[in-house]
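Trainee: Any chance you can model this:
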Amino acid sequence: MTTTDKNRLRIAIQKSGRLSDESQSLFKRCGMKINLADRRLLAHVANMPIDLMLVRSSDIPGLVMDGVCDLGIVGDNTLEEHALERELTNENSDYDKIMSLKFGACRLSIALPEETEYQGIQSLDGMRLATTYPRLLTRFGNDNNIKFEFCKLNGSVEVAPRVGLADGICDLVSTGTTLEANGLKEVEVIYQSKAALIQGSQPLSAEKQKTLNTLIPRIEGVLKAKESKYIMMHAPKDKLNEVVALMPGSETPTVLPLAERDDRVAIHMVSTETFFWETMEELKELGCNSILVMPIEKMMG
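Mentor: Purely as a prediction, here's the structure:
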């Protein structure tokens, strides 16, 4: 490996799937020009000293913890399961969670056949559950003083009860349609998960730290822009306080005079909360017009 390679920040992301698409979109919105090629493990960023390692989600925590990659984007569920597994085998499980990202939301839930009568958590005691997450499930059981038997599966977990492998399952749920299609009902949520940006515990070189210090504000700006809107309108000058009060989460508005109008002003502001049709209708009732709500691509400061 050359000196130049050693100074390139290496980030592990999912090779394929929803987290892969979202991660690549995030980096592109941060201004990274990614050179992707089919079946390549490493993707080169042309305009920044960064390389992306495209791997399975389950490999990302270990790659970061072992120092193979400097950073990783991984679901909290995979990260926590891997850390618990490493603690049991006395392997290094140290990492720093830099930030929670705004995508990849899901939940780890226990689901039972629809015909099973569920009478609360204690009725799960002694059940055999199929899961890809035995450590998280064990922790949930210990916290609630119940024990499970496990049938560990790495795919098609939802079919286990139907073929007699298990009484129920513990698996990731996003919309619940897969459970319904397989005759299952969600009875307990044991863990909430989103994608996270993590860093290994090993110190970075000065060059890599400089790159990271550039990247983090860009990511924060993209995430903030994603949940923000830029709002413009014309409003009655004497209703300015009432207009601003309708938009909590907004920064201090910019108020500009309108040509040949002393009674009205133009208002420009950024709002970080959801801007509903009902809010626009209330603004109109206050006498506002020309109300524009626009997405924001990037924000900083």
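
Trainee: the helices in the protein, which residues?
Mentor: Here the chain has its helices, by DSSP state H, at 3-6, 18-29, 60-65, 76-88, 134-143, 177-181, 206-226, 240-245, 277-285.

Trainee: tell me what the last one is packed against?
Mentor: Helices and strands touching helix 277-285, by 3 or more CB pairs under 8 Å, 6 or more residues apart in numbering; DSSP states H and E, are strand 289-295. In short, each C-beta sits where N, CA and C put it, glycine included.

Trainee: Can you list the low-confidence ranges for the stretch 51-200 of the chain?
Mentor: Along the stretch 51-200 of the chain, the model assigns pLDDT under 70 to no residue.

Trainee: And the strands in it, which stretches?
Mentor: Assigned by DSSP state E, counting those that start in this stretch, the stretch 51-200 of the chain shows strands spanning 71-75, 95-100, 106-113, 128-131, 149-152, 168-173, 184-193, 195-200.

Trainee: winner for burial among those?
Mentor: With neighbours defined by mean count of other CB atoms under 10 Å, none of these is more surrounded on average than strand 71-75, at a mean of 27.

Trainee: Now do that strand: which elements does it pack against?
Mentor: Strand 71-75 packs on strand 9-14, helix 18-29, helix 60-65, strand 195-200, going by 3+ CB pairs under 8 Å, 6+ apart.

Trainee: residues making contact with the third one?
Mentor: Contact with helix 60-65 is made by 12-14, 53, 55, 68-74, 78-79, 82-83, 86, 91-95, 198-201, as judged by CB atoms under 8 Å, 6 or more residues apart in numbering.

Trainee: coming back round to it: closest one to L283 among the strands of the stretch 51-200 of the chain?
Mentor: Closest to L283 of the strands of the stretch 51-200 of the chain, according to CB to CB: strand 95-100, at 32.4 Å.

Trainee: relative to helix 206-226, how tilted is the closest one?
Mentor: Relative orientation of strand 95-100 versus helix 206-226 (axes from the mean of the first three to the mean of the last three CA atoms, to 10 degrees): 30 degrees.

Trainee: Strand partners (parallel or antiparallel) of strand 95-100?
Mentor: Take DSSP bridges as the rule and strand 95-100 pairs in its sheet with strand 195-200 (antiparallel).

Trainee: Send me the partner strand as CSV with only the CA atoms.
Mentor: The C-alpha trace of strand 195-200 is given here as CSV (Å, rounded to 0.1, in the frame of the first residue of the first chain):
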residue,chain,number,x,y,z
ALA,A,195,-28.5,3.9,10.2
ALA,A,196,-25.5,5.2,12.1
LEU,A,197,-22.1,6.6,11.1
ILE,A,198,-19.5,4.9,13.3
GLN,A,199,-15.7,5.4,13.7
GLY,A,200,-13.1,3.0,15.0
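
Trainee: Can you give the distance of it from its chain's centre?
Mentor: Computed by CA atoms, centre = their mean, to the nearest Å, the chain-centroid distance of strand 195-200 equals 11 Å.

Trainee: From the rest of the structure, what touches it?
Mentor: 19, 22-23, 61, 64-67, 69-76, 79, 94-101, 103-104, 212, 219.
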